[in-house]
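Novice: Sharing a model that was predicted from the sequence below.
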Amino acid sequence: MSYDVPIVAPKQRFAPWLLEPMRRNKAIYLKVALAATTINLLGLVSSLFTMTVYDRVVPNNATSSLIGLSIGLGIVIIFDFILRLLRAYFVDVAGAQIDHEVGETLFAKLLAIRLDKRKGSTGSLTGIMRELETLRDFFASATITAIVDVPFIVITLALIAVIGGPVVLVPLAMVPLVVLVGVLTHPAMDRLSARSMGDGLLKQSVLVETIGSLETVKASGAGGMLANRWRKAVNQHADSSLGQRLISTIAVTTATSANTMSYAGVVIVGVGLLQANEITMGGLMACSILSGRAVAPLGQIATLLSRMTATRTAYRQINGLMDSPSEGPPGEALVPTAFQGRVELRNLSFRYPGAPEKTLEGINLKIEAGERVALIGRVGSGKSTIARLLLGLYEPEDGLVLIDGTDVRQFDTARLRALMGAALQDNILFAGTVRENICLERSGIDQEEMLRVADLAGTHRFMGQIANGYDLRLTDRGEGLSGGQRQSISLARALAGKPQILVFDEPTSAMDAQTEATLIERLQGELQGRTVILITHRPSLLRLVDRVLVVEGGRIAADGPREDVMQRMAKGKAA
Ligand SMILES: Nc1ncnc2c1ncn2[C@@H]1O[C@H](COP(=O)(O)OP(=O)(O)OP(=O)(O)O)[C@@H](O)[C@H]1O
């Protein structure tokens, strides 16, 4: 098994989808930086307090000075407390903003993604979307404040040098040690992080596929095969995560040990200086506190580096998705208000991505406005593919799909599909009420229209027998209803809003003969004057159309008035 989502190579430029929201939140980041700077300054003040107490108050028994100093320190502590709360709050706000803005852009991209350019399975895409959390966690974590804390290492070291002179050499020696370990482990971290994410996506793919088709998995006995895939994916992920965590722990633990060594080293060197009267007792205490403050952010650097690696990997994944081509024209899209309903396929050829053979080849076809045609033909002949191209779900390899004389690629895709009613083969419904599934929050589709189309599609008949009726809540993909009921709702969904062009792909495949007959009766009037492209294997449905096209091996093999084509086919069979 291999990853079906390649780990995307790093991009030079910081992508606008992340940069822009961060720019807009500049004020919040400035507040975080200001709070973090003040917290660092207050930290320095408290070490100076210790020095003053040891050097001035203790030897002179100056109780009144101590009270004054204590009040001062109390104020410092209160300030520090408030600033820390504010800092955490601002960081959270920044994270929520990133989540909100980037999340929205990312979802819009997901909806606009070109199906032929889609990389990876549903699970992998879900995994990539989930990586937004990693990005958010980075920008919403206290780690980000380490960026401010790091320059304070220099200031703190300078202060140690002023107070303790050569003592500063001890924490100074720790800097290259921690940085070196960080630098040395970084390439491995980078590699393992990318691997771990790829393995995570693989795990996600197996999971999503299994959960999404649990009933089939059980009924067909596919559990064993999927369990094997899951086991492999989990082991692979566990291995890469383990390596990643081990290396990260080495870096972080080195920083912790450096902190302890620094503290002990300052005390040892400081005692020598104390005996030589080159440092005061207070100075030594202040230096040991300050050395901790100087080395601690180094630990944060290690954490920051490891988080940065994970964040960068997530960023690359999301950026790969954001960089993939979107549907619609590159320039300004046409936004039609209505269609007359003329449809033309001109010299149309199409090949699915990666497929060796063309699925459609040299198709020429004109359908006048208001004409009703059926596409019939063998399994796999290319009928549904024609429907997909009409809806602009895929782009032709060659030739044109024209609606009212305009290439469909020039239309705004959302508008194009809003003006066409489509009920495709899979009849997938969404989690939510039946009402929501018919109306889909589309403007102009109110309760009256919903009831009208529900009546036409036969939904109304069984809605009356179901508790809650149109407010019946369906689970994912419309589970909770029978196949025929789901099909009826998909049909109502397509008919809602009286679109001028209708595309039906086997609209009655899950219905019994009587339900189908009633439906045909009702649709006769409804479809008058509208362009209809009906794909079917059922001869009974042909009553709805005037013209029949036979698709064979991706080409139009016959085309003519219904009766003519049917007679020709009957003769062909008889011959
Ligand atoms: N998403 C896809 N990726 C690659 N190939 C595909 C895809 N969908 C369909 N095909 C291939 O394209 C060919 C035509 O499929 P299409 O779904 O258009 O057939 P159809 O005539 O609608 O068949 P049916 O009557 O079974 O619905 C088939 O050989 C199929 O293998």
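Specialist: In hand now; what should we look at?
Novice: Please enumerate the strands of the stretch 401-550 of the chain.
Specialist: Residue ranges of the strands in the stretch 401-550 of the chain, as given by DSSP state E, counting those that start in this stretch, are 406-407, 420-423, 432-433, 473-474, 501-505, 531-535, 547-552.
Novice: distance between stretch 269-279 and the chain's centre?
Specialist: Distance, stretch centre to chain centre, for stretch 269-279: 59 Å (CA atoms, centre = their mean, to the nearest Å).
Novice: what mean pLDDT would you report for stretch 562-569?
Specialist: When pLDDT is averaged over stretch 562-569, the result is 86.
Novice: which parts of that stretch are buried?
Specialist: 562, 565-566, 569 (16 or more other CB atoms under 10 Å). For every residue, glycine as well, the C-beta is placed using N, CA and C.
Novice: any chance of the strands of the stretch 401-550 of the chain in a markdown table, with mean neighbour count too?
Specialist: Shown next, in a markdown table, are the strands of the stretch 401-550 of the chain (neighbours: other CB atoms under 10 Å):
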| stretch | mean neighbour count |
| --- | --- |
| strand 406-407 | 16 |
| strand 420-423 | 22 |
| strand 432-433 | 16 |
| strand 473-474 | 16 |
| strand 501-505 | 25 |
| strand 531-535 | 24 |
| strand 547-552 | 20 |
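Novice: how about the helices in the stretch 401-550 of the chain?
Specialist: Ranges of helices within the stretch 401-550 of the chain are 413-418, 434-439, 447-457, 459-463, 483-495, 513-526, based on DSSP state H, counting those that start in this stretch.
Novice: Using PDB, write down the CA coordinates of stretch 224-232.
Specialist: This file holds the C-alpha atoms of stretch 224-232, laid out as PDB (Å, rounded to 0.1, in the frame of the first residue of the first chain):
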ATOM      1  CA  GLY A 224     -11.000  -9.000   7.300                       C
ATOM      2  CA  MET A 225      -9.400  -7.200   4.400                       C
ATOM      3  CA  LEU A 226     -10.100  -3.700   5.900                       C
ATOM      4  CA  ALA A 227      -8.800  -4.900   9.300                       C
ATOM      5  CA  ASN A 228      -5.500  -5.900   7.700                       C
ATOM      6  CA  ARG A 229      -5.200  -2.600   6.000                       C
ATOM      7  CA  TRP A 230      -6.000  -0.800   9.200                       C
ATOM      8  CA  ARG A 231      -3.400  -2.900  11.100                       C
ATOM      9  CA  LYS A 232      -0.800  -2.100   8.500                       C
END
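Novice: ok, residues contacting it?
Specialist: With contacts defined as CB atoms under 8 Å, 6 or more residues apart in numbering, stretch 224-232 is touched by 1, 203, 206-207, 209-210, 217.
Novice: out of these, who's nearest the ligand?
Specialist: Glu209 (15.9 Å; CB to the nearest ligand atom).
Novice: In CSV: the helices of the stretch 401-550 of the chain, plus mean pLDDT, mean neighbour count and distance to Arg378.
Specialist: Putting the helices of the stretch 401-550 of the chain into CSV (pLDDT from 0 to 100; neighbours: other CB atoms under 10 Å; distance: least, CB to CB, whole Å) gives the following:
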stretch, mean pLDDT, mean neighbour count, distance to Arg378
helix 413-418, 90, 18, 28
helix 434-439, 90, 22, 32
helix 447-457, 91, 18, 28
helix 459-463, 84, 20, 31
helix 483-495, 92, 24, 22
helix 513-526, 90, 15, 21
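Novice: Thanks again, I'm all set now.
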